[in-house]
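Participant: sequence plus predicted model, see below.
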Amino acid sequence: MNHWLVKSEPFKYSWDHLVKEGEGMWDGVRNYAARNNLMAMKVGDPILFYHSNEGKEVVGLAKVSKEHYPDPTTEEEAWVVVNLVPVELFPKTVTLAQIKADPRLKGMDLIRLSRLSVVAVKPEEFDIIVALAHES
C-alpha cells in the first residue's frame, strides 16, 4: 500500500465537494510526474487531502476507490484520473507551516516538489500528519 497527498484549491474542488459527491474523480492533472503518481495509485491507498492557496492545510483523509482510467476532460491520451472517496474530516487541520516546522517532515515531497498536485507520502510522514490532526 502506498500513501499519497492530493492538492486542490478549495474554490475549484474542496473537501466539502468530495463529501457532497460521495465519490469524486480527480481530474485535470497536466503534469507528467503527478500523472505517474495517479497511475501508481491502487484501490484502498490512503490519501491526505490538502487545500492549496486558501488555507494551505491538510483537511482530511480519503482513499482511492477506482484506479486510473483516461481523463474524460481531455481528448489527449496521456492524461488519467482516479476516483476518491472521503474517509475522515480531520478534527484539526495540519497547516503547511506546521509541516515545514516539523523536522521529521523536512524531506516531504509536499515541500520539496511544491508545484505537484499529487505526491507520494512516506508511511512515517503519513502517520505523523494523521497524529497531528488528532492531537488534543
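Facilitator: Nice, thanks for sending it over. Keep in mind that what you see is a predicted model, and the values were worked out from it rather than measured.

Participant: only C-alpha atoms from now on, for both contacts and neighbour counts.
Facilitator: Will do.

Participant: quick one: the strands in the protein?
Facilitator: Ranges of strands in the chain, per DSSP state E, are 3-8, 24-26, 46-51, 57-70, 80-95, 118-121.

Participant: so the residue nearest to Val58 when sequence neighbours are not counted bridges to which residues?
Facilitator: The spatial neighbour of Val58 that comes closest, neighbours along the chain excluded (C-alpha to C-alpha, 6 or more residues apart in numbering), is Tyr50 at 4.2 Å. Using DSSP bridges, the bridge partners assigned to Tyr50 are Lys7, Val58.

Participant: nearest to Met39, out of the strands of the chain?
Facilitator: strand 57-70 (5.5 Å; C-alpha to C-alpha).

Participant: circling back: the residue nearest to Val58 and Glu57 touch, don't they?
Facilitator: Yes: counting by C-alpha atoms under 8 Å, Tyr50 does reach Glu57; the two are 5.5 Å apart.

Participant: any idea how far Thr93 is from the residue nearest to Val58?
Facilitator: 9 Å (C-alpha to C-alpha, to the nearest Å).

Participant: also Pro86?
Facilitator: 15 Å.

Participant: related to what we said a few turns ago, joint contacts of Tyr50 and Thr93?
Facilitator: Taking C-alpha atoms under 8 Å, 6 or more residues apart in numbering as the contact rule, Tyr50 and Thr93 both touch Glu57, Val58, Val59, Gly60.

Participant: quick one: which of those has the most company?
Facilitator: Val58 (26 neighbours; other C-alpha atoms under 10 Å).

Participant: contacts only, for it.
Facilitator: So Val58 contacts Leu48, Phe49, Tyr50, His51, Thr93, Val94, Thr95, Leu96 (C-alpha under 8 Å, 6+ apart).

Participant: buried ones in the helix or strand of the chain with the lowest mean pLDDT, by neighbour count?
Facilitator: Ranking every helix and strand in the chain by mean pLDDT, DSSP states H and E puts helix 109-112 at the bottom, with a mean of 94. Across helix 109-112, burial judged by 16 or more other C-alpha atoms under 10 Å covers Asp109, Leu110.

Participant: no more questions from me, cheers.
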